[in-house]
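> got a sequence here, can you build the structure:
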Amino acid sequence: MKKAISTMICAGFILSLIACVGSAAPVAVPDKNDKNKKEAAQEKIIIPKEVKTAMEAGLAARQPVKTDIPFTISETVVMPGPQQVIYVYFLLKVKNADLGYALPAAPIVADPTAAVPPAKLQAKGHVFVQFYKLENGNAGPLVKELYIPAALESDATGYDPEAMDWYSFGYPLPPGNYLAAIALTSNDLTKSGIQYYEFSLPDPAGFTEKLETSTILCMKEFRQVEAPEAKIGFHRGLLSWSVARITPNLTKTIKVGDALDLFFFIYGARPNDAGKFDIQIDFEVVQGDKAQIKFAPGQFQSPLVSLPLPMTQSLEIRTGDKVENKQQDLAAGSYVLIVKMLDNVSGLKGEKKIEFVVE
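Below you'll find the model as predicted:
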């Protein structure tokens, strides 16, 4: 059942990804009472008083006092950041109708007979975030305030106002334990929803006894853009990390015959004297206590790993003295992918398990 694997992102591109990971610049906060936009853009980050008061009112009990725009924080994703910080991405689930998607005003066209592209539904709002140090289970010092404008679009065809979609934003923070207070408001600030979320970020330099990974993403789509975001963005259905735009497969569900496309970073690996990494990864798919696919060991020259694993089995069929090799797609069912890592430079090892479904 051994199958060969190969990396899909060259070392040069990987290094460029890591090199240009940095803090997206914050943006000025709108003030509904401030008519001078130029002056507002030059002010420090300030969360509007009424929003800030509501965020702090439920902080101690972790109970939101504003639920006009209900949302949940389904999970967080961690990715490598510059130097000794880590990017944390928050995934928010929101009902489309609560975001106020609507058709914009029809534009005035010079030629009424010209073909006009289908209009997209648009929604505008604001995201406000307060990061607190978590001390003995309570909110400690305020570490950072963020304002993120939300300018969203959706195709009108197939739009379902009752559907729940997910949105994300990410920010780099030093290692530590945190409490995030997140407010999602309407464009005029009259409606808002608030949620609180505790999370921990490990110290990248602290993995001296074993290898660890960032969140192991199963990807639906990966694309590269020319430059990282200049300002923090609020995105629908994707993660914006450095020059990568990743659409993750959050349910880790694939079709029969599809590959399991992985993306993750290995912490604790050390470069050799020549500055090169030498990491071995063994992938194995099991169902219960039975091995289904065992891949030949893969050699990686970077701690950033991206590759599709083909979910096909190599079977040996014996008929008397005759042996026939047959390729067969992994059947529908629930499986576990075991990822065993070995750093050939330091000797450190690590292991991760990912549950996924084939349907």
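> Provide a list of residue ranges in this structure with pLDDT below threshold.
1-45, 106-118 (pLDDT under 70).
> list the buried residues for the longest strand seen in it?
Criterion DSSP state E: the longest strand present in the chain is strand 138-155. Across strand 138-155, burial judged by 16 or more other Cβ atoms under 10 Å covers 139, 145-150, 152, 154. Backbone N, C-alpha and C define where each C-beta goes, glycine included.
> beta partners of the residue positioned nearest the centre of the chain?
For the chain, the residue nearest the mean C-alpha position is residue 239 (4.4 Å; Cα atoms, centre = their mean). Assessed by DSSP bridges, residue 239 has beta-bridge partners residue 246.
> OK, contacts around it?
Residues near residue 239 by Cβ atoms under 8 Å, 6 or more residues apart in numbering: 77, 79, 89, 168, 170, 217, 245-248.
> tally of neighbours for residue 158?
7 (other Cβ atoms under 10 Å).
> okay, strands next: where are they in the stretch 51-200 of the chain?
71-80, 86-95, 120-135, 138-155, 164-173, 176-186, 192-201 (DSSP state E, counting those that start in this stretch).
> in CSV, list those strands along with distance to residue 337.
As requested, the strands of the stretch 51-200 of the chain are exported to CSV (distance: least, Cβ to Cβ, whole Å):
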stretch, distance to residue 337
strand 71-80, 18
strand 86-95, 21
strand 120-135, 32
strand 138-155, 33
strand 164-173, 23
strand 176-186, 29
strand 192-201, 24
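> which one of the ones you listed lies nearest to residue 327?
strand 71-80 (33.5 Å; Cβ to Cβ).
> for that closest one, buried residues please.
So for strand 71-80, counting by 16+ other Cβ under 10 Å, buried means 71, 73, 76-80.
> equivalent analysis for stretch 84-97, please.
Buried residues in stretch 84-97 (16+ other Cβ under 10 Å): 85-92, 94, 96.
> ok, back up a step: which of the contacts of residue 239 are buried?
Buried among the contacts of residue 239 by 16+ other Cβ under 10 Å: 77, 79, 89, 168, 170, 217, 245-246, 248.
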